[in-house]
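Engineer: predicted model, plus sequence, below.
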Amino acid sequence: MLQARQLGKELYVGVHSDEEILENKGPVVMKLDERMTAVNACKWSTEAIARAPYVTDPKFMEEHGCKYVVHGDDITTDANGEDCYKTVKDMGLFVVVKRTPNISTTDLVGRMLLMSKTHHFRPIVDAALVLDHALFAEDALTRFGNYALDETGRASHSAVYVNVDAAPALTCVIEGSEKVKTMLQRSIVYVDGGFDLFNPGQIEALRLVREEANRTGSAVVVGLHDDKTVNQYKGLNYPIMNLFERSLCVLQCKYVDSVVIGAPYEPSKQFLNKLPGPVVTIFHGPTPVDEGVYDEVLDLLKQLPAHKFDDMNTEFIVNRVLENKAAYEERQRKKGWKGEIEKKIRDEELLRAAKLKKQ
């Protein structure tokens with residue numbers, strides 16, 4: 001979506017219906033309304049279009065004034081194993097962007113079913129070696145910088161900090177825009193959590209935090225707990241998404257100005273004093289926490305108002321999957337079958353492209 005937004009001035013995102021996804025791919029994890037909430041919250045999305053056809057139709061594109069359709073360099077097939085984009089490819093309306101190596105729905109469902117923890121990152125314990133940590137290995141720092149860009153996908157916006165409990169100050173790994181820096185210095189509205197699976201309940205909570213912050217011209221700062229902390233309090237194989245994946249999910253959200261990686265489970269005044277400006281409000285949603293967690297900052301604590309996804313959290317989504325385990329296992333099997341067909345189509349396209357290049 002970032003790469004697509006960088007290609008033009010507006011990005012319209014088609015969201016398939018639950019029924020079409022069931023027919024062509026398997027049962028949905030998130031329902032249409034929930035997925036629309038997620039897409040509308042992405043800062044690079046101009047508008048989410050509900051019930052877009054699974055096989056892209058040029059007439060549907062025309063209705064919304066879209067000149068091109070953008071997709072990653074992987075192949076997507078329908079229930080019959082046919083390329084969903086063949087028509088628009090033949091018409092020259094298809095633009096390919098590099099497939100981003102993000103976590104997929106299939107991977108996440110696999111983690112839920114297998115109860116694995118191998119995806120977790122160890123905590124960052126040395127402020128002098130932050131950028132040497134596995135969290136920022138290879139191209140990860142570049143990815144953080146890309147996800148911290150503004151709604152155009154071309155200019156800086158969000159700031160990214162790392163907290164090490166023993167260090168007297170935060171480590172800034174991505175500097176925010178001048179506008180965000182000014183907002184941070186003026187006043188901060190703070191909210192923290194695991195933000196695992198970045199579900200509509202969390203997104204709607206952040207939207208409400210943004211509304212409150214706008215009333216005072218404050219910056220929204222999200223504190224993210226590391227994988228060890230989340231696992232300590234949630235148990236089993238939580239978090240399903242690791243710290244890197246959760247950080248990128250929060251960074252792409254239009255309601256967020258800054259992220260603090262490795263935020264403490266208990267937001268002490270000592271920690272809040274590390275932030276780049278004064279904290280005027282700390283928000284907490286309906287998720288229960290241990291008694292005493294906010295004792296030191298009760299004067300700043302405010303409860304978020306109720307919203308339509310109040311009952312949705314990480315466990316809610318995982319239970320939804322586990323209750324339909326057989327259906328999702330079939331989805332995983334079907335993904336493997338379709339993967340072979342999709343690879344064959346891609347190999348054929350690469351071969352054709354190579355021949356055209358020689359000519």
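Structural biologist: Yes, it's here. Model, not experiment: these values are computed from the prediction.

Engineer: in the protein, what spans have low per-residue confidence?
Structural biologist: 286, 328-359 (pLDDT under 70).

Engineer: would you map the strands across it?
Structural biologist: Listed in chain order, the strands of the chain (DSSP state E) span 12-15, 47-50, 69-72, 94-97, 159-162, 171-174, 188-193, 219-224, 258-261, 279-284, 301-303.

Engineer: which helices and strands does the last one pack with?
Structural biologist: Of the remaining helices and strands, those touching strand 301-303 by 3 or more C-beta pairs under 8 Å, 6 or more residues apart in numbering; DSSP states H and E are strand 279-284. No exception for glycine: its C-beta is placed from N, CA and C like everyone else's.

Engineer: what angle sits between the strand it packs on and strand 188-193?
Structural biologist: 30 degrees (axes from the mean of the first three to the mean of the last three C-alpha atoms, to 10 degrees).

Engineer: let's see strand 279-284 as CSV, backbone CA atoms only.
Structural biologist: Taking C-alpha atoms only, strand 279-284 is exported to CSV below (Å, rounded to 0.1, in the frame of the first residue of the first chain):
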residue,chain,number,x,y,z
VAL,A,279,2.5,13.9,29.1
VAL,A,280,-1.0,15.4,29.7
THR,A,281,-3.1,12.3,29.5
ILE,A,282,-2.6,8.5,29.7
PHE,A,283,-5.4,6.5,28.1
HIS,A,284,-6.4,2.9,28.9
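
Engineer: residue 190 contacts residue 275, doesn't it?
Structural biologist: Yes: Residue 190 lies in contact with residue 275 (C-beta atoms under 8 Å); the separation is 7.3 Å.

Engineer: so the two - more neighbours on which side?
Structural biologist: residue 190 (26 against 22; other C-beta atoms under 10 Å).

Engineer: how near is that one to residue 139?
Structural biologist: 30 Å (C-beta to C-beta, to the nearest Å).

Engineer: now do residue 31
Structural biologist: Using C-beta to C-beta, we find residue 31 at a distance of 33 Å from residue 139.

Engineer: shared neighbours, residue 190 and residue 275?
Structural biologist: Residues touching both residue 190 and residue 275 (C-beta atoms under 8 Å, 6 or more residues apart in numbering) are residue 221.

Engineer: can you pull out the helices in the stretch 1-150 of the chain?
Structural biologist: For the stretch 1-150 of the chain, applying DSSP state H, counting those that start in this stretch gives helices covering 2-6, 18-24, 32-41, 58-63, 86-90, 105-114, 140-147.

Engineer: and what of the stretch 251-359 of the chain?
Structural biologist: 269-272, 314-323, 325-358.

Engineer: so what's the residue sitting nearest the centre point of the chain up against?
Structural biologist: Nearest to the mean C-alpha position of the chain, by C-alpha atoms, centre = their mean, lies residue 249 at 2.3 Å. Listed by C-beta under 8 Å, 6+ apart, the contact partners of residue 249 are 195, 198, 241.

Engineer: okay if I get the strands of the chain as TSV plus distance to residue 293?
Structural biologist: Listed next are the strands of the chain as TSV, based on distance: least, C-beta to C-beta, whole Å:
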stretch	distance to residue 293
strand 12-15	36
strand 47-50	35
strand 69-72	41
strand 94-97	42
strand 159-162	21
strand 171-174	24
strand 188-193	10
strand 219-224	12
strand 258-261	17
strand 279-284	9
strand 301-303	10
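
Engineer: so for residue 315, which of these sits nearest?
Structural biologist: When these are compared by C-beta to C-beta, strand 188-193 sits nearest residue 315, at 13.4 Å.

Engineer: what pairs with the closest one, parallel or antiparallel?
Structural biologist: strand 219-224 (parallel), strand 279-284 (parallel) (DSSP bridges).

Engineer: point out the most buried one among those.
Structural biologist: Of these, the one with the most neighbours on average (mean count of other C-beta atoms under 10 Å) is strand 219-224, at a mean of 26.

Engineer: so how far is that one from its chain's centroid?
Structural biologist: What separates the centre of strand 219-224 from the centre of its chain is 15 Å, taken as C-alpha atoms, centre = their mean, to the nearest Å.

Engineer: quick one: residue 175 and residue 161 touch, right?
Structural biologist: No: judged on C-beta under 8 Å, residue 175 makes no contact with residue 161 at a distance of 10.0 Å.

Engineer: between those two, which one's more packed in?
Structural biologist: Per other C-beta under 10 Å, whichever of residue 175 and residue 161 has more neighbours is residue 161, with 25 against 15.

Engineer: so what's the more buried one closest to, chain neighbours aside?
Structural biologist: residue 170 (4.1 Å; C-beta to C-beta, 6 or more residues apart in numbering).

Engineer: measure the closest residue to residue 255 other than its chain neighbours to residue 112 for me?
Structural biologist: Take residue 255 and drop its neighbours on the chain: the residue closest to it by C-beta to C-beta, 6+ apart is residue 210, 3.8 Å away. Look at residue 210 and residue 112: by C-beta to C-beta, they are 30 Å apart.

Engineer: ok, these two, which is more surrounded?
Structural biologist: residue 112 (22 against 18).

Engineer: ok, the more buried one touching residue 240?
Structural biologist: Yes: counting by C-beta under 8 Å, residue 112 does reach residue 240; the two are 6.2 Å apart.
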